[in-house]
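Trainee: A structural model of the following input is requested.
(one chain, ligands or ions: 1)
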Amino acid sequence: MSRWKPMPLVEAFQRRTSDILSSMRSRFRGKWNKKKTRLLQVGREVPIDLEEFRAWVVARLGGTPDGCGQCEYCGRPLDAMDFRVDHRLPVSRGGDLGLANCVFSCDECNRVKGQLSGDEFRWLLEVVSRMSTVAQKDVKERLKMGAGFRRLRFFGKQAKNPPPLAASQQLPLEEPF
Ligand SMILES: [Zn+2]
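Mentor: Coordinates of the predicted model:
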């Protein structure tokens, strides 16, 4: 009999939501050069507290931490361990850091969307979905390869220590994005 026990789901949920919010905070924190003589990036405060963030996630999981929700862009089912937080209007384009601008999304949509707004990205998905199967596969692969260069921007584990991955390893071709 194995002694290994999975981490209780609620505990894992608490840890993950806390990690994601911390990643968001550190991502938008002010950054200085090494000698601390020059401000490289003006910091912005993430106006979300942990309880608020957890409530937002739980609502998207159908009301419980161990529930299931879906990517607001592609509809892929998501649980508390695999969702990402996307900004509907990218922060780089003036998007707000509050929950009203946050989107519950899958990893692939979060990566592929890049600097597009939520509407622009939906429009792109719609256009691609009208293409032939061959063209869809080709366009999706190109988008994913482009997205591979943005790994450092992601929240969660990958953001802290991104492993060097070949572009072909990153996302399976058959997966919807
Ligand atoms: Zn998605």
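
Trainee: looking at the chain, which helix or strand does the model trust least?
Mentor: helix 157-160 (a mean of 43; mean pLDDT, DSSP states H and E).

Trainee: for this protein, longest helix please?
Mentor: Under DSSP state H, the helix in the chain containing the largest number of residues is helix 9-27.

Trainee: helices or strands up against that helix?
Mentor: Judged by 3 or more C-beta pairs under 8 Å, 6 or more residues apart in numbering; DSSP states H and E, the packing partners of helix 9-27 are helix 50-60, helix 157-160. From N, CA and C alone the C-beta is placed, and that goes for glycine too.

Trainee: wait, what's in contact with Gly118?
Mentor: Going by C-beta atoms under 8 Å, 6 or more residues apart in numbering, Gly118 touches Tyr73, Asp86, Arg88, Leu89, Val103.

Trainee: can you pull out the helices in this protein?
Mentor: 9-27, 50-60, 107-113, 118-129, 133-147, 157-160, 167-170.

Trainee: export the first one as PDB, just CAs?
Mentor: As requested, the backbone C-alpha atoms of helix 9-27 are provided in PDB (Å, rounded to 0.1, in the frame of the first residue of the first chain):
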ATOM      1  CA  LEU A   9      -7.800  19.800  -2.500                       C
ATOM      2  CA  VAL A  10      -8.800  22.700  -0.400                       C
ATOM      3  CA  GLU A  11      -5.300  23.100   0.900                       C
ATOM      4  CA  ALA A  12      -3.900  22.900  -2.700                       C
ATOM      5  CA  PHE A  13      -6.500  25.500  -3.700                       C
ATOM      6  CA  GLN A  14      -5.500  27.900  -0.900                       C
ATOM      7  CA  ARG A  15      -1.800  27.500  -1.800                       C
ATOM      8  CA  ARG A  16      -2.300  28.000  -5.500                       C
ATOM      9  CA  THR A  17      -4.600  31.100  -5.200                       C
ATOM     10  CA  SER A  18      -2.100  32.600  -2.900                       C
ATOM     11  CA  ASP A  19       0.800  31.800  -5.300                       C
ATOM     12  CA  ILE A  20      -1.000  33.300  -8.200                       C
ATOM     13  CA  LEU A  21      -1.800  36.500  -6.400                       C
ATOM     14  CA  SER A  22       1.800  36.800  -5.200                       C
ATOM     15  CA  SER A  23       3.000  36.300  -8.700                       C
ATOM     16  CA  MET A  24       0.700  39.100  -9.900                       C
ATOM     17  CA  ARG A  25       1.900  41.400  -7.200                       C
ATOM     18  CA  SER A  26       5.600  40.800  -7.900                       C
ATOM     19  CA  ARG A  27       5.100  41.100 -11.600                       C
END
